[in-house]
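Asker: Coordinates only, no sequence provided:
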């Protein structure tokens, strides 16, 4: 059963070594993520599953101890998804889960076993809901760290350029996450999310599936669009 969730953005720029001179610009977002992870720890889960967007070939489960790296961004920084099997036997984490592993290591997480799940953007809302229900049944007390970004089209300098639909999309996602509104999350349009380059749609809909039958309260800790990308931090507990 799902007992708590933290929703965080997952740009590699969250990692100060990657952001370099621009690191202070996301200090507030990092602090909000730290607070959100504190809510997960307070829930005392039996299992923590880190869910994040995944590219082609990156979807599916990742075991405890799976390795990740930021070397592709020019930084000699390696991470692991908690502790577990020999990293040499596991495939490398997608970027989003590597950010999640970094956030957990940064806060000294040691409260429960950690697993990962890469969610492809092609995963339908119905399949996301089913996946969420499956995750919630994995243990008596399950917590989720849900990673994903809003639209990447908030300004003309954004990765996806300016799209007038981006701000309303992000606002709807923020309201749904702030109030733990499952129907609103389920109603996020997959095609629009893809057009707006929102990596959070599938992970958020997995969260909605996992929360079915619970009575969790939502709280929005951070909402902004630095670099023209919507970043949201929320907790459900």
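Answerer: Happy to help now that I have it. Because the structure is predicted, anything quoted here is derived from the model rather than measured. Numbers count the residues shown, from 1 in each chain.
Asker: Tell me which other helices or strands the lowest-mean-pLDDT helix or strand in the chain touches.
Answerer: Here the helix or strand of the chain ranked lowest by mean pLDDT, DSSP states H and E is helix 16-19, holding a mean of 93. If contacts are counted by 3 or more C-beta pairs under 8 Å, 6 or more residues apart in numbering; DSSP states H and E, helix 16-19 sits against no helix or strand. For every residue, glycine as well, the C-beta is placed using N, CA and C.
Asker: Same question for that helix: list its buried residues.
Answerer: For helix 16-19, burial by neighbour count (16 or more other C-beta atoms under 10 Å) applies to 16, 18-19.
Asker: ok, and the closest non-adjacent residue to residue 196?
Answerer: Among residues not flanking residue 196 along the chain, residue 151 sits closest, at 3.9 Å (C-beta to C-beta, 6 or more residues apart in numbering).
Asker: I'd say that neighbour and residue 159 touch.
Answerer: No: in this structure, residue 151 is not within contact of residue 159 by C-beta atoms under 8 Å, at 9.8 Å.
Asker: who touches both of these two?
Answerer: Taking C-beta atoms under 8 Å, 6 or more residues apart in numbering as the contact rule, residue 151 and residue 159 both touch 197, 229.
Asker: quick one, which of the two is more surrounded?
Answerer: residue 151 (29 against 14; other C-beta atoms under 10 Å).
Asker: Kindly state the beta-bridge partners for the residue positioned nearest the centre of the chain.
Answerer: The residue lying closest to the centre of the chain (C-alpha atoms, centre = their mean) is residue 147, at 0.5 Å. Taking DSSP bridges as the rule, residue 147 bridges to residue 8.
Asker: Contact partners for it?
Answerer: Counted by C-beta under 8 Å, 6+ apart, residue 147 has contacts 7-10, 50-53, 96-97, 99-100, 200, 203.
Asker: try 7 Å this time
Answerer: Going by C-beta atoms under 7 Å, 6 or more residues apart in numbering, residue 147 touches 8, 10, 50-52, 96, 99-100, 203.
Asker: cool, residue 222 as well?
Answerer: Per C-beta under 7 Å, 6+ apart, neighbours of residue 222: 28-29, 32, 231-233.
Asker: export these to CSV and tack on pLDDT, neighbour count and distance to residue 84?
Answerer: Listed next are these as CSV, based on pLDDT from 0 to 100; neighbours: other C-beta atoms under 10 Å; distance: C-beta to C-beta, whole Å:
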residue, pLDDT, neighbour count, distance to residue 84
28, 97, 15, 32
29, 97, 22, 28
32, 98, 24, 28
231, 98, 26, 29
232, 98, 26, 29
233, 98, 25, 27
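Asker: Inside strands: which ones of these?
Answerer: If you go by DSSP state E, the contacts of residue 222 have 231-233 in strands.
Asker: And residue 199, what's its pLDDT?
Answerer: Note for residue 199: predicted pLDDT of 98.
Asker: ignore the last one, residue 70
Answerer: pLDDT at residue 70 comes out at 97.
Asker: just checking, it touches residue 14?
Answerer: No: at 10.5 Å, residue 70 does not count as touching residue 14 under the criterion of C-beta atoms under 7 Å.
Asker: Compare these two and say which is more crowded by neighbours.
Answerer: Neighbours per residue (other C-beta under 10 Å) separate residue 70 from residue 14, with residue 14 holding more: 22 against 19.
Asker: Now for the more buried one: which residues touch it?
Answerer: 26, 29-30, 99.
Asker: Among the residues you listed, which are located in helices?
Answerer: 29-30, 99 (DSSP state H).
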